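Participant: Turn this into a model:
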Amino acid sequence: MTTVEPEHLVTLVTTDYSGITRGRSIRARAFEADAAASVGWVPANQSLTPFDIIAADSPWGSSGDLRLMPDRAARHAVRLPGAATALDMVMSDVVELDGSPWAACPRAFLKSALDDLGRETGLTLAGAFEHEFQVKGEPFPAAPAFSLAALRRADPLGPLVLAALGAAGLASDTFIAEYGRDQFEVTVGPAQGVAVADQAVALREIIRETARLAGLATTFAPKTAPDAVGNGVHIHMSLVDGAGRNALYDPTRPGRLSEVGAAFAAGIVRHMPAIVAVTAPSVASYLRLKPHNWSASYTWLGDQDREASLRICPTPTLGGKDPARSFNMEFRAADATASPHLALGMLVRAGLAGIRERLPVPPIFSGDPEQLDEAQRNRLGLVRLPQSLGAALEALDSDAVARAFLAPQALATYLGMKRAEIALTDGLDPAALCRRYAEIY
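Facilitator: Okay, the predicted model is just below:
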C-alpha cells in the first residue's frame, strides 16, 4: 500500500480591489524548476465584490486571459505547529499574456507610482502597515484594555504570531492587547518600496493561519458591531534618499517636516476625500470614520494627535537615539478592507502630486475640529471626510487629479465593483452590516 503525503504547494497570490487575497497553487517542485512559472487569471476577477458576486458594471465581460506572474523575492513561507502543510505564498503581478503590466493590477499600480517617485525625486518610500484585529466569539475572559492579563489570556497567540511572522521573513515587532474587546494590534518593522504592501498582505494571512490552527476565528473588519471599537490600519511612511537618510525629517521646520516631506503631506491632505474611497473602501468603513473615534474624520495633519487623519509620529530620543531614523507620518483613514498595494499607491501618487506642485506644509492642528465653527475649520483646511462609501466614490470620481492616478479601465472597474457592493448591502441595518463584513474580513 502506498502512503500518500501531501504535496508542498506554492500559491501565487494577488490582493484584489476588494482587499481579499486570492490566487492559484502549484507544486513547489514545479515552481522551483521553472523560473518562468506563472498561472492563469481572469480579468473579470477584479470586479468581484467582497460577497463573491461579479459586478454587472464591469468593463471586462467574460472574455480575456491574464497571468499571475510571481515575484520570487516576495515569497513568504512558514509551517506552523499543527499545520498539515506549509503556508507558502508568493506576491504576484497580474500581467498580460506577453508579460506586460495589466492596467488594473494593484501591485503594478504601486510599482509604477514608486518608480515615478524615484525618477522625479531620487527618493524611495519606506514604511509599514500597522494592523488591528479581533478574535471573534468572545472566547477569552474579560480583562482590562492594554493589560498583561489581556495578553496572557490569549497565550500562545501573540508569541506564535510573532514567531510565524519572523519565520516568514517579516521583521516582527510588537503584539499588543488593544482597547477593544478581544482586540489586538500587530506591528512589523519597516520595509522599502513594494515590500511595504507585500508585508501587509503576508501579515494578514499569517495571522489568520495562526489563529485558525489555534481554534480561533479572527476578523480585521473595520467594525464588528456599531458600538464596538473599530479595527484600523495605520500606514506609516517616510522618504529615504540614495544615501539612506530620512528625507522626510528637518527639525528646523514646522512639524519637523522637510520641504519635500511637507509637499508630500500636503498632496495627501488635499486629495484625502478622494483617497479614502480606496483606503477605507467598504460600506462598514464609514461607521468607523467618525469624530472622537481615534480614527479619522477630517482632512487633518496633526503632530502626535491620534484623531488626525495624517499624523506626524513621535520620535523617541531615549538612550541617545537619532530622531531622524524613526521619523515618519502615519495615515490613519484606512482599514483592512483595502488592497494594501492599491491604497499605498494612491498615497504615493497624492504625495507625488504635492511634490510636483511644491505645496507648502498644511496647517498643523491639534484639538477638536467639532468645537470650531465652519469658518475656523475652513481656515485650517479641516474638511469633513466623506461619511459614506457612496460619497467617497463621488469624491474620487470628481477629483480630476486623483481619478487620473488610475488608468481609465482600472477606475471603471473599481467604481463599478464598489457601487455593486453598496447595492448588495442596501437594506442591512448597521448591526447586520458589521456582522456581514466581519464574516468576510
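
Participant: contacts and neighbour counts: CA atoms only from here.
Facilitator: Fine.

Participant: for this protein, what helix or strand is lowest in average pLDDT?
Facilitator: Counting by mean pLDDT, DSSP states H and E, the chain has its least confident helix or strand at helix 323-326, which shows a mean of 85.

Participant: Could you give the separation of the next helix-or-strand element following that one from the chain centroid?
Facilitator: Following helix 323-326 in sequence order, the next helix or strand is strand 329-331 (DSSP states H and E). Distance, stretch centre to chain centre, for strand 329-331: 12 Å (CA atoms, centre = their mean, to the nearest Å).

Participant: Helices of this protein, residue ranges please.
Facilitator: Using DSSP state H, the helices of the chain run over 28-33, 106-121, 148-152, 157-167, 195-213, 259-270, 272-279, 323-326, 340-356, 374-379, 389-398, 400-403, 408-425, 430-440.

Participant: deepest of the ones you listed, which one?
Facilitator: Across the helices of the chain, averaging neighbours per residue (mean count of other CA atoms under 10 Å) puts helix 272-279 on top, at a mean of 28.

Participant: Touching that one from outside, list them.
Facilitator: 299, 333-335, 338-339, 342-343, 346-347, 385-386, 389, 392-397, 399, 402 (CA atoms under 8 Å, 6 or more residues apart in numbering).

Participant: Now distance to Gly230 too, for the helices of the chain, in CSV please.
Facilitator: As requested, the helices of the chain are exported to CSV (distance: least, CA to CA, whole Å):
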stretch, distance to Gly230
helix 28-33, 39
helix 106-121, 25
helix 148-152, 18
helix 157-167, 20
helix 195-213, 17
helix 259-270, 22
helix 272-279, 15
helix 323-326, 26
helix 340-356, 18
helix 374-379, 26
helix 389-398, 16
helix 400-403, 27
helix 408-425, 19
helix 430-440, 10
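
Participant: Out of these, which gets the lowest mean score?
Facilitator: Per-stretch mean pLDDT for these is lowest at helix 323-326 (a mean of 85).

Participant: Please export the C-alpha coordinates of that helix as PDB.
Facilitator: Extracted in PDB, the C-alpha atoms of helix 323-326 (Å, rounded to 0.1, in the frame of the first residue of the first chain):
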ATOM      1  CA  PRO A 323      15.200  61.100  15.900                       C
ATOM      2  CA  ALA A 324      15.700  61.200  12.100                       C
ATOM      3  CA  ARG A 325      15.900  57.400  12.000                       C
ATOM      4  CA  SER A 326      12.400  56.800  13.300                       C
END
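
Participant: Could you find the closest non-adjacent residue to the most centrally placed residue in the chain?
Facilitator: Central residue of the chain (CA atoms, centre = their mean): Pro340, 3.5 Å from the mean position. Of all residues not flanking Pro340 in the chain, Ala197 sits nearest, at 5.2 Å (CA to CA, 6 or more residues apart in numbering).
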